[in-house]
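**Student:** build me a model:
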Amino acid sequence: MIDSHPSFAPLQRLLHWLMAICILAMLFIGVGMVSTIMPKYVALLSIHKSLGISILALALIRLAVRLRYGAPPLPADLPEPMKLAAYLSHYVLYALMIGMPLIGWAMLSAGAYPVVVFGRVWLPAILPQSDSLHTLLWDAHFYLAFVFFALVLMHVAAALFHALIRRDGVFDAMAPVSIHNKLVPAE
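**Tutor:** This next block holds a predicted model:
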């Protein structure tokens, strides 16, 4: 007999893990960018912009897929504060996955910098040039990156908690492959 726990759709799983790789790469590239003035800054910035727009597109697709397919229910025995934390953290993750690239794009627009992605695609400015707005958006982008990184760490910690401590199927619902042997001897 196989114990089945509702899972996310395969497309949801694919988007989740693809975005996880992109977001982790983005966070580390961002750290590299702000910690160097060497020539590699230009290459990192180019990758950062292209990856940011990719994350924005993937996040919008992912949101549409999530609205279409929904999500498996959380375990009934999960304490209410943990359920609330799960729901709120997902809303904030989606807000940051969409908001951070938009803030970056707006920041570059306000600074009158060209927004070139993938080496040849020029994106239009989404805000008029404004030095004060550029500074405000740069600060928001910078500090929200720390919030994003902290939230990613909490998300990973929660996933590990569900996978290794509670073993309640929450991790398996999004895992690319099951980490637990779900076979139960027949009675």
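
**Student:** residue 40 - how many residues pack around it?
**Tutor:** When neighbours are counted by other C-beta atoms under 10 Å, residue 40 registers 11. Placement of C-beta: from N, CA and C, glycine included.

**Student:** residues contacting it?
**Tutor:** By C-beta atoms under 8 Å, 6 or more residues apart in numbering, residue 40 lies in contact with residue 32.

**Student:** could you do residue 89 as well?
**Tutor:** 151, 154-155, 158.

**Student:** how far is the strand or helix carrying it from where the chain is centred?
**Tutor:** Using DSSP states H and E, residue 89 falls within helix 80-110. Centroid separation for helix 80-110 versus its chain: 8 Å, with C-alpha atoms, centre = their mean, to the nearest Å.

**Student:** for stretch 9-24, same thing?
**Tutor:** Taking C-alpha atoms, centre = their mean, one finds the center of stretch 9-24 at 9 Å from the center of the full chain.

**Student:** could you check how far residue 28 is from residue 145?
**Tutor:** As judged by C-beta to C-beta, to the nearest Å, residue 28 and residue 145 stand 11 Å apart.

**Student:** so which of these two has more stuff around it?
**Tutor:** Per other C-beta under 10 Å, whichever of residue 28 and residue 145 has more neighbours is residue 145, with 19 against 12.

**Student:** secondary structure class for the more buried one?
**Tutor:** Under DSSP: H, G, I helix; E, B strand; the rest coil, residue 145 falls in the helix class.

**Student:** strands of the chain, start to end?
**Tutor:** Assigned by DSSP state E, the chain shows strands spanning 115-117, 121-123.

**Student:** could the ones you listed be laid out in CSV, adding distance to residue 39 and mean neighbour count?
**Tutor:** Formatted as CSV, the strands of the chain follow (distance: least, C-beta to C-beta, whole Å; neighbours: other C-beta atoms under 10 Å):
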stretch, distance to residue 39, mean neighbour count
strand 115-117, 18, 17
strand 121-123, 23, 11
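
**Student:** those into TSV, with extra columns for mean pLDDT?
**Tutor:** As requested, the strands of the chain are arranged in TSV below (pLDDT from 0 to 100):
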stretch	mean pLDDT
strand 115-117	93
strand 121-123	96
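
**Student:** check contacts around residue 54.
**Tutor:** Neighbours of residue 54 in contact, by C-beta under 8 Å, 6+ apart: residue 22.

**Student:** for residue 91, see how far away it is.
**Tutor:** 22 Å.

**Student:** kindly report the same for residue 71.
**Tutor:** 12 Å.
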